[in-house]
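*Asks:* I need the structure of the sequence given here:
(one chain, ligands or ions: 2)
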Amino acid sequence: MRIAILSRNKNLYSIRRLRQEARKLNLECDVIDPLDCQLVIDGTQNRITTHSATLPYYDAVLPRIGASITEYGLSVVKQFEIQGMFTINGSQAIADSRDKMRCLQILSEAKLLVPSTVLTRTTRGLRAAIEAVKGLPVVLKVLQGTQGVGVMLVHTPISLGSVLDTLRTLNQDVIIQQFIVEGAGRDYRAFVVGNKVVAAMMRTAAQGEFRSNIHRGAAGEMIQLPKQHEKAAIRAAKILGLQIAGVDLMESHQGPMVIEVNSSPGFEGIEKATETNIARQIMKQIKATAQARKTARNKKRSSKP
Ligand SMILES: Nc1ncnc2c1ncn2[C@@H]1O[C@H](COP(=O)(O)OP(=O)(O)O)[C@@H](O)[C@H]1O
Ligand SMILES: [Mg+2]
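*Replies:* Ligands and ions are numbered 1, 2, ... in the order given. Sure thing, here's the model as predicted:
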C-alpha cells in the first residue's frame, strides 16, 4: 500500500513520527510539499506534477496543511480527490474547520455547545454584539489563527472599537466571542482518530496569560477526559467530517464547550505529555480505511457485468 503525506517540512516532529510508524506497518510513504505540486486540468487526464514528473496513484493521502498555505493547500487536496484518491482528512472538512466562524456555525447547527460568537463588519452594531456575547471583556479571534496568535482579550468598548478598526484596515475579519470566565486559563485538547479519543491533555496557561496553547507557554498534562467531554469531541469531529482532529474544549457553567477543531493537529506535545503513540494510531486508521475502500471498489468492479 502506498500513501502520501502532504507537508511543507519533512523534518517536523509529526512528519518524522508518521513516517516511522508507516514503515512499521509496511506502508510505503512519500512526503510531498504541496507547494511543489502543479495541478493540471486540461480536458484530458487530470494530473499533479512535481518538477515535471507526474505523481502516481496513492491509496491514501494525508494532508498536513498549515494555516499559511490554506488556499493553495486545499486546491492540492481537492485535486487528489478529483483523481479518485482517498484523502484523510478531506478538502471540504479541512476548509470547514479552518475558518473559526464556519466551524462554530456547523457545530451549533448540530446542537453542540459552543461559546456565543458574533461575526460582524459594521461598527454600528457594536453594543448589540457585546450584549450578544454576554458583555465585556470579550475575546476577539482572527478567523484563521492558530497557536493562540490572533486571539485577544478586550476589556473596554473603546479598545474594542479601535482594535476592530485596525484589523479591518488590515483586511482581517474577526469574530467577537463570549469570554468563558469560569474556564479561563485552561482547556482540554482531545485528539480524535476515527471515532475515538486516543489521547487527551489538560493545558494550563502560563502565569499572566489567558491562552492555554502549548506554543504560548502552557503546560500540558495527561488526563482521562470526562465522558461528556469525550462525547462532545467525537461528535464535533464527526459532524465536520474529520477522521483526524484536535478538538479544543473549555469548561463552562453549561457544560463542555467546543471552542475550535484543528484538522492538522500537531502531536509532539500530546505524545510526550500522554506517552501515547498517536502516529501509530493515525497510520493504523489510514491503513484500515484505505483497505476497506479498496475492497469495496474491487467488489463493485467484479460485480459489474
Ligand atoms: N471564548 C474564550 N474564553 C476564554 N478563553 C478562550 C476563549 N477562546 C479561546 N480561549 C483561550 O485561547 C486559546 C486559543 O484559542 P483557540 O480558539 O483555540 O485559537 P487557536 O487556534 O489560536 O488555538 C484557547 O486554548 C483558550 O485557552
Ligand atoms: Mg486552539
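*Asks:* helices or strands up against the longest helix along the chain?
*Replies:* Counting by DSSP state H, the longest helix found in the chain is helix 278-303. Applying 3 or more CB pairs under 8 Å, 6 or more residues apart in numbering; DSSP states H and E, one finds that helix 278-303 contacts helix 13-24, strand 60-63, strand 186-193, strand 196-204, helix 268-274. Glycine gets a C-beta too; all of them are placed from N, C-alpha and C.
*Asks:* repeat that with 10 Å
*Replies:* The helices and strands touching helix 278-303, judged by 3 or more CB pairs under 10 Å, 6 or more residues apart in numbering; DSSP states H and E, are strand 2-6, helix 13-24, strand 60-63, strand 186-193, strand 196-204, strand 244-252, helix 268-274.
*Asks:* Ligand 2: which of those is closest?
*Replies:* Smallest distance to ligand 2 across the helices and strands packed on helix 278-303 (CB to the ion): 4.3 Å, for strand 244-252.
*Asks:* Is the helix or strand that that closest one is followed by in proximity to ligand 1?
*Replies:* Reading on from strand 244-252 to the C-terminus, the next helix or strand found by DSSP states H and E is strand 255-262. Yes - part of strand 255-262 sits near ligand 1 under the criterion CB under 6 Å from any ligand atom, namely 259-260.
*Asks:* ok, now stretch 168-176?
*Replies:* No - using CB under 6 Å from any ligand atom, stretch 168-176 stays clear of ligand 1, coming no nearer than 9.3 Å.
*Asks:* Tell me which of the helices and strands packed on helix 278-303 approaches Glu109 most closely.
*Replies:* Checking the helices and strands packed on helix 278-303 against Glu109 by CB to CB gives strand 244-252 as the closest, at 16.8 Å.
*Asks:* I'd say Asp30 and Ala53 touch.
*Replies:* No - checked against CB atoms under 10 Å, the pair Asp30 and Ala53 is beyond contact range at 11.6 Å.
*Asks:* What residues does the stretch 101-250 of the chain have near ligand 2?
*Replies:* Listed as neighbours of ligand 2 in the stretch 101-250 of the chain under the rule CB under 5 Å from the ion: Asp248.
*Asks:* Can you tell me which residues in the stretch 51-200 of the chain are near ligand 1?
*Replies:* Residues of the stretch 51-200 of the chain found near ligand 1 (CB under 6 Å from any ligand atom) are 115, 139, 141, 145-148, 151, 177-180, 184, 187.
*Asks:* Buried ones among the residues you listed?
*Replies:* With burial judged by 16 or more other CB atoms under 10 Å, the buried subset of these is 115, 139, 141, 145-146, 148, 151, 177-180, 184, 187.
*Asks:* Now, these that are in strands?
*Replies:* 139, 141, 151, 177-178, 187 (DSSP state E).
*Asks:* about what we covered before: with neighbour numbers in mind, choose between Asp30 and Ala53.
*Replies:* Using other CB atoms under 10 Å as the criterion, Asp30 and Ala53 rank with Asp30 on top: 15 against 8.
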